[in-house]
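**Q** my questions concern the predicted model and sequence given below.
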Amino acid sequence: MTTTGRRRAFGQHFLRDASIARAIADLARLTREDLCVEIGPGEGALTFLLAERAGRLLGLEVDGALFEELRPRLAPLPHVEIRQADARRFDYSTLPALRPSPEGRVVVVGNLPYSASKAILERLVEARTAVSEMVLTLQKEVAERVAAAPGSKRYGSLSVLTQLYCAVRLALTIPPGAFRPPPKVDSAVLHLRVLAAPRVPVTDERGFQRTVKAAFGQRRKTLANALAGGLHSSVAAARQWLAAAGIDPARRAETLSLEEFSRLNSFAP
């Protein structure tokens, strides 16, 4: 497959702006005690900057041709390893054991392919016990969804399920010209810090996810109707759950806070 074909297949846009690369590396605040995991090192625009700062660097590159091109360039650096791996399926639980120091952090940095960014982010949040911080470049619209507050049109299940476990900050906006080839939209860098504990009590994580996704599954409908459809129940039952949680069934999902979703989860199946 040609380079152009690989970009099309994986939705890749390679960072080529050196000043933005440095700004992203600065956000990670790496030390010699830290393990940095770079998702999608691609052509290495960020890789060597991260290698200068981290005690150990592990690159995960899904594209076999890019992997083969980058590996010999990194061979002289003994603290750097690159693996051909899919970040959507990688076992992140193995990472803490790779830290240069038990006191160090696991910091994930990545310019995520647009086509896989949501799946990778969800996988990283699931693996939060093994990760300390993340510095992720995504399509700006997706980044804004992750960071959105209740009441915003962009606030949705991705916002709730990420902010439940992470402090989220939209740190940088990147214009299309910073990449090769230029995407048709702006990108943004999210800085996520994994919290010591969820922001609100969650006794059943899978149930919480089901409830949140059902609530946002039909955004134009009221909560009662959206929950009934998403959880395959009756509207009357959904109204009972909402009443028990002290939530008006006529509201819509984007108006609910994390605390209200937590209360709702206590009553919804």
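**A** Arrived safely.
**Q** show me where the stretch 101-250 of the chain has its strands.
**A** Ranges of strands in the stretch 101-250 of the chain, per DSSP state E, counting those that start in this stretch, are 106-111, 133-139, 166-174, 179-180, 187-194.
**Q** and the last one, what does it pack onto?
**A** Put plainly, it is strand 187-194. If contacts are counted by 3 or more C-beta pairs under 8 Å, 6 or more residues apart in numbering; DSSP states H and E, strand 187-194 sits against helix 18-28, strand 133-139, helix 140-147, strand 166-174. For glycine as for every other residue, the C-beta is placed from the backbone atoms N, C-alpha and C.
**Q** all helices of the stretch 151-269 of the chain, in order?
**A** Remark: helices assigned in the stretch 151-269 of the chain by DSSP state H, counting those that start in this stretch are 157-163, 205-217, 223-230, 235-244, 258-265.
**Q** which parts of the longest one are buried?
**A** If you call a residue buried by 16 or more other C-beta atoms under 10 Å, then helix 205-217 has these buried ones: 208-217.
**Q** cool, stretch 161-170 as well?
**A** Neighbour count says stretch 161-170 has 161-166, 168, 170 buried, by 16+ other C-beta under 10 Å.
**Q** and it, end to end?
**A** Distance between the two ends of stretch 161-170: 16 Å, counting by C-alpha to C-alpha, to the nearest Å.
**Q** just how off-centre is it within its chain?
**A** 9 Å (C-alpha atoms, centre = their mean, to the nearest Å).
**Q** which residues touch it?
**A** The set of residues external to stretch 161-170 that reach it, using C-beta atoms under 8 Å, 6 or more residues apart in numbering, is 121-122, 125, 128, 134, 143-144, 146-147, 188-195, 198-200, 202, 208-209, 212, 258.
**Q** filter the residues you listed to the buried ones?
**A** Buried residues within the contacts of stretch 161-170, counting neighbours by 16+ other C-beta under 10 Å: 121-122, 125, 128, 134, 143-144, 146-147, 188-192, 194, 198-200, 202, 208-209, 212, 258.
**Q** picking that back up, what's the closest of the buried residues of helix 205-217 to Glu38?
**A** Using C-beta to C-beta, Gln209 comes nearest to Glu38 of the buried residues of helix 205-217, at 27.9 Å.
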